[in-house]
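Student: what follows is a predicted structure for the sequence shown.
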Amino acid sequence: SHREDMKDVWSAMATQFDAILGPPGALPVSGADSSQMDYFVYSLLIHIVNFFFLINFFLAIVVNAFTKTVEALEACDAEQDILSDTWFQVRSLFKSLRWRWPRKVVLLRSLDRLVSRQVS
């Protein structure tokens, strides 16, 4: 390699980590003077801890939302499994064609007019 900061794996990793922390060469992690390993370890630990805290917060938010959704679905009386829902939709379609039921939109409009008459 032509670059001194990319001559081996350790130097390349230190240079990339240095680039994450700031402009290359501004921190003592990369380059010839990398004797300050305490700063490197501190920076690495801070990044790892912050990463896991952020992942933990994100997962807590997602799991909380999922739990609320599952509780709402369990409380819903109309919701069933996909096979039952599909079966009842197909059965309802055949019954509506056989018994010539009005379309759902027409039925809802009629019910809405009926309710508005009784309220007024």
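Tutor: Nice, thanks for sending it over. Source: prediction; values computed, not measured.
Student: next secondary structure after the longest helix along the chain?
Tutor: Secondary structure of the chain per DSSP state H: the longest helix is helix 37-75. Under the assignment DSSP states H and E, the closest C-terminal helix or strand after helix 37-75 is helix 82-98.
Student: and the following helix or strand past that next one, how far out from the chain's middle?
Tutor: Where DSSP H and E defines the elements, the next helix or strand beyond helix 82-98 is helix 104-119. Helix 104-119 sits 41 Å away from the centroid of its parent chain (CA atoms, centre = their mean, to the nearest Å).
Student: which other helices and strands does helix 104-119 contact?
Tutor: On a contact count with 3 or more CB pairs under 8 Å, 6 or more residues apart in numbering; DSSP states H and E, helix 104-119 meets no helix or strand. Every C-beta, even on glycine, is put in place using the N, C-alpha and C of the backbone.
Student: let me know the average pLDDT across the longest helix of the chain.
Tutor: Average pLDDT, helix 37-75: 88.
Student: buried set for that helix?
Tutor: Using 16 or more other CB atoms under 10 Å as the test for burial, helix 37-75 gives 40, 43.
Student: same check, this time on stretch 5-22
Tutor: Neighbour-count burial for stretch 5-22 flags 5, 11, 14, 15, 17, 18, 19, 21 (criterion: 16+ other CB under 10 Å).
Student: want to throw these into JSON lines with secondary structure?
Tutor: Below are the buried residues of stretch 5-22 laid out as JSON lines (DSSP: H, G, I helix; E, B strand; the rest coil):
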{"residue": "5", "secondary structure": "helix"}
{"residue": "11", "secondary structure": "helix"}
{"residue": "14", "secondary structure": "helix"}
{"residue": "15", "secondary structure": "helix"}
{"residue": "17", "secondary structure": "helix"}
{"residue": "18", "secondary structure": "helix"}
{"residue": "19", "secondary structure": "helix"}
{"residue": "21", "secondary structure": "helix"}
